[in-house]
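**Student:** sharing a model that was predicted from the sequence below.
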Amino acid sequence: GEARAQTASVFNFPEVEAGVDADHHVAAGYDADILLRWGDKIFADAPDFDPLTQTEAAQERQFGYNNDFVGFIPLEGSADRGLLVVNHEYTNEHLMFPGIVTMQNGEMAVADATEDRANIEMAAHGGTIIELVRDGGKWRPVTDGALNRRITAKTEMQLTGPAAGHDRMKTADDTTGTKVFGTINNCAGGVTPWGTYIMAEENIHGYFLGELPADHPEAANYERLGVPGASYQWGNFHKRFDVGQEPNEPNRFGWVVEVDVMDPNSVPKKRTALGRFKHEGAESVVAADGRIVFYLGDDERFDYVYKFVTAGTYDPDDRAANMDLLDEGTLYVARFDEDGSMQWLPLVHGEGPLTAENGFASQADVLIETRRAADLLEATPMDRPEDIQPNPLTGRAYVMLTNNTRREEANAANPRVENAFGHIIEILEADGDFTATDGTWEILLQCGDPSVAEVGATFSTETTRNGWFGMPDNAAIDADGRLWVSTDGNSMADTGRTDGLWAVDTDGDARGTSRLFYRVPVGAELCGPCPTEDMTTFFVAVQHPGDGGDDWEGHGRVSYYEDLSTRWPDFEDAMPVRPAVVAITRQGGGRIG
Ligand code: FEO
Ligand code: CA
Ligand code: CA
Ligand code: CA
């Protein structure tokens, strides 16, 4: 292996004190500036945000809700001008709409959706593409940027790759099986080396309601994904979200979506070659031979880690030549062995158990039912795989495993039962080659409070009481190859601290040392950490601030009209709490961290 000469941390900033309050906090010497809030104008002619009279038409021109993935795509090679791409994962109706929450016998109830409300929710989903410029060291949105765009749950998209056009993808409204409207529950994502924006479709089950016709052939497929989850009521107004009326529509969601941001009228493409499951994200890296490797987590308890290797190679001098690389390649699922080795098992029709006998008549069937195919290959069931971040400098990749309180049997790669705080696995691809079909792995961190022995956390002893975290969700590798981790769930776990952004050493004696750089307001989680290439800015996404979570008995939800625990980021009575993207810079300029 490589020399591990350094002994000190590669980070040098004064740590933030962990805690919980109504505001966000960044390390001393840094600014955390609000950049884009739910309702902010994405186009110069968009209406001003008015939470009391919100409409679908207004929301389609404004920044969406619950910002998750954040990416930055420089324009014309400039470090001071570029496109910010942001996913809007889901909506918190109780925090968005006044007058829909009532108390019934001490329990909070949210009123049934109206058609208008459902349409506003649909317009608040999807993604935003907006031009940013940096003036005097500070970023601002350019609302008349020619490439600005909102993508919603109604935007026309194209299904491409091996499952496109298959009978299981056809509906009454689309007899071609290739034309679908909208993308939903876009959690994390990615930016490709050729500058396209990747939106991963994660918890799609909650958007479908109704009942499948008796003995419907998709019954087992949908059960494996929890469809219909019936969290949203869109299906009462749009029949395609009612599986009783449009039984194939769920097969058209759960994919990775690629958007050409350089053409605001481009039709986003759902790339079926990357499989269908609860896609957390899709971070990519250029392998030594020029093929592109995408790392893909399926965020569910006991689901799997995947990667996709393109058949073709990346051409840095010809953007157009890269635009359909994602339609051809090999999808693999990971088996983590007890001896610290691992295998990437190909999900290829006709190989091993992926045959007609087992219900896979073609590669389309393998991809539509990726989870069942991976079950048959005996992949390793994991503790909720979230973001997976490759490090192009080292040939390693970091897997965020957020938690799994239902695990009853430990194994080497998921070493704790009732894993409340999650862990991070470091994959070392064979010979540092990202296309390798085998490799080794280590546990970088078992998360949680190291001062509580029974938690079994493995942070270094240099890690302070501020520096530990639980529930890793998103990660970033900066231009220097340093690892940053953001979290989801620390507030809900009643740990006296919120979620935030932590800097984690991966090498030398400092390996396993973590320190807190930024923390979010009460109720929020932190998503989308996105360092710019020059490391002068960290864009971060504060998601669902002020939310009490689903624990009605414990913390309870807070509603628009309740005495909110925070009114971040505006702190005005007339404004609800709002999810927002924040730009973190060093006071006086310079590199972060
Ligand atoms: Fe949307 Fe896996 O978090
Ligand atoms: Ca996530
Ligand atoms: Ca990431
Ligand atoms: Ca999350």
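**Tutor:** Here it is on my side, so go on. Ligands and ions are numbered 1, 2, ... in the order given.
**Student:** burial count for residue 286?
**Tutor:** Other residues within reach of residue 286, judged by other CB atoms under 10 Å, total 17. Using the backbone N, CA and C atoms, a C-beta is placed for each residue, glycine as well.
**Student:** the chain should start at 94 in everything you say after this.
**Tutor:** Let's use 94 as the start, then, which means that last one is residue 379.
**Student:** and the pLDDT at it?
**Tutor:** For residue 379, the pLDDT comes out at 98.
**Student:** how about the residue of the stretch 444-593 of the chain found nearest ligand 2, phi and psi?
**Tutor:** Nearest residue of the stretch 444-593 of the chain to ligand 2 (CB to the ion) works out as residue 566 at 4.4 Å. Phi and psi for residue 566, reported as degrees, to the nearest 10, are phi -130, psi -60.
**Student:** leaving out sequence neighbours, find the closest residue to it.
**Tutor:** residue 581 (4.0 Å; CB to CB, 6 or more residues apart in numbering).
**Student:** show me what contacts the one you found?
**Tutor:** Counting by CB atoms under 8 Å, 6 or more residues apart in numbering, residue 581 touches 495, 564, 566, 592, 618-620, 636.
**Student:** burial count for the residue of the stretch 444-593 of the chain closest to ligand 2?
**Tutor:** For residue 566, the neighbour count with other CB under 10 Å is 29.
**Student:** and it, what is it in contact with?
**Tutor:** Taking CB under 8 Å, 6+ apart, we find residue 566 in contact with 479-480, 493, 495, 579-582, 618-620.
**Student:** quick one: it from residue 456, how far?
**Tutor:** Separation of residue 566 from residue 456 (CB to CB, to the nearest Å): 31 Å.
**Student:** now swap in residue 483 and tell me
**Tutor:** 25 Å.
**Student:** you'd agree residue 142 is in a helix?
**Tutor:** No. The assignment for residue 142, made by DSSP: H, G, I helix; E, B strand; the rest coil, is coil rather than a helix.
**Student:** what does the stretch 344-493 of the chain have sitting close to ligand 1?
**Tutor:** By the rule CB under 6 Å from any ligand atom, the part of the stretch 344-493 of the chain lying against ligand 1 is 373, 392, 479.
**Student:** so of those residues, which ones are in strands?
**Tutor:** With strands taken from DSSP state E, the overlap with those comprises residue 479.
**Student:** ok, of the residues of the stretch 344-493 of the chain next to ligand 1, which one's closest to ligand 4?
**Tutor:** Checking those against ligand 4 with CB to the ion, the nearest one is residue 479 at 7.3 Å.
**Student:** report the contact partners of the residue lying closest to that closest one once chain neighbours are set aside.
**Tutor:** Spatial nearest neighbour of residue 479, chain neighbours left out: residue 493 (4.1 Å); criterion: CB to CB, 6+ apart. Contacts were defined as CB under 8 Å, 6+ apart; by that measure residue 493 touches 390, 478-482, 515, 517, 565-568, 578.
**Student:** just give me the closest of these to ligand 4.
**Tutor:** Distances from ligand 4 to the contacts of residue 493, taken by CB to the ion, are shortest for residue 566, at 4.7 Å.
**Student:** pLDDT value on that closest one, please?
**Tutor:** Per-residue confidence for residue 566 comes out at a pLDDT of 98.
**Student:** next: the one 5 residues further on.
**Tutor:** We have a pLDDT of 98 for residue 571.
**Student:** next, the closest residue to it other than its chain neighbours: phi, psi?
**Tutor:** Residue nearest to residue 571 in three dimensions, not counting chain neighbours: residue 624, with 4.4 Å by CB to CB, 6+ apart. Backbone torsions of residue 624, given as degrees, to the nearest 10, read phi -80, psi 140.
**Student:** hang on, isn't residue 624 packed against residue 631?
**Tutor:** Yes. Residue 624 sits in contact with residue 631 when judged by CB atoms under 8 Å, with a separation of 5.1 Å.
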